[in-house]
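A.B. asks: coordinates for the following, if possible.
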Amino acid sequence: MDKLEECIEEHKEKNELLEQRNLETINKYKNEKQKILNTRNERDILANRIQLLDCQKNESLQFMSQFMNSFSNYVDKEIVFDYNILLESLTSKLNMEFLLEFDDAISGADLEKIETQLHQFYQEVAVGKFMHQMISQFIKTEGTNNILNNHLENLVQQCDDQKKYINDLRYYVKRLKKRLKEYERLNSNNIVAQ
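C.D. replies: Model prediction:
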């Protein structure tokens with residue numbers, strides 16, 4: 001019986017060891033499953049953020065395009081040309097499908113090049129040239145408007161002064177006519193009385 005008990009005891013130990021390994025495997029499986037679920041959740045959150053950034057990018061580029069079209073008459077054609085070229089280049093390079101196709105193939109140098117173009121577009125062309133010239137044109141137009149407004153105010157004042165002068169002359173002429181009539185009446189009465 002001892003041998004049988006030994007064998008049973010040995011199988012019990014092996015069984016406990018297998019159960020423990022089984023539990024460890026189940027726990028590892030649960031941990032890996034949770035990691036996968038967390039990774040999927042992070043991927044979904046990242047996809048939503050990318051979608052939001054893509055929307056912001058599209059709306060920003062659309063705004064910049066409409067802004068340029070609205071004020072292109074106030075800016076040199078060369079600046080409008082540079083503006084359009086950079087805007088089209090950025091629109092194609094920042095296209096999310098284009099970026100996603102390259103995944104890991106996009107190098108740091110490629111990203112730096114796109115970042116440099118973004119900086120060049122917004123700081124040098126959009127703000128540095130386009131906005132600067134548009135604001136200068138606005139100030140020039142506003143200055144011209146102020147000069148014309150001042151000139152118009154002076155003309156209105158002169159017109160008002162002349163109206164007042166004319167009214168004063170009318171009043172003076174009426175008084176003179178009245179005195180003349182009185183004088184003529186008095187003179188005609190004096191002549192008749194003589």
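
A.B. asks: the top helix by length along the chain - contacts with which helices or strands?
C.D. replies: Ranked by residue count under DSSP state H, the longest helix found in the chain is helix 2-71. On a contact count with 3 or more C-beta pairs under 8 Å, 6 or more residues apart in numbering; DSSP states H and E, helix 2-71 meets helix 77-93. Quick note: C-beta positions are derived from backbone N, CA and C, even for glycine.

A.B. asks: least confident secondary structure element in the protein?
C.D. replies: helix 96-102 (a mean of 59; mean pLDDT, DSSP states H and E).

A.B. asks: immediately after that one, which helix or strand?
C.D. replies: Next helix or strand after helix 96-102 toward the C-terminus (DSSP states H and E): helix 108-119.

A.B. asks: and that next one, how far out from the chain middle?
C.D. replies: 21 Å (C-alpha atoms, centre = their mean, to the nearest Å).

A.B. asks: ok, stretch 150-169 next?
C.D. replies: For stretch 150-169, the distance to the chain centre is 47 Å (C-alpha atoms, centre = their mean).

A.B. asks: domain ranges for this structure, per the record?
C.D. replies: Domains of the chain are assigned by automatic domain parsing as 1-72, 75-169.

A.B. asks: most packed of those?
C.D. replies: domain 75-169 (a mean of 12; mean count of other C-beta atoms under 10 Å).

A.B. asks: give me the mean pLDDT for stretch 176-189.
C.D. replies: The average pLDDT within stretch 176-189 is 85.

A.B. asks: check stretch 75-86 too.
C.D. replies: Rounded mean pLDDT across stretch 75-86 is 84.
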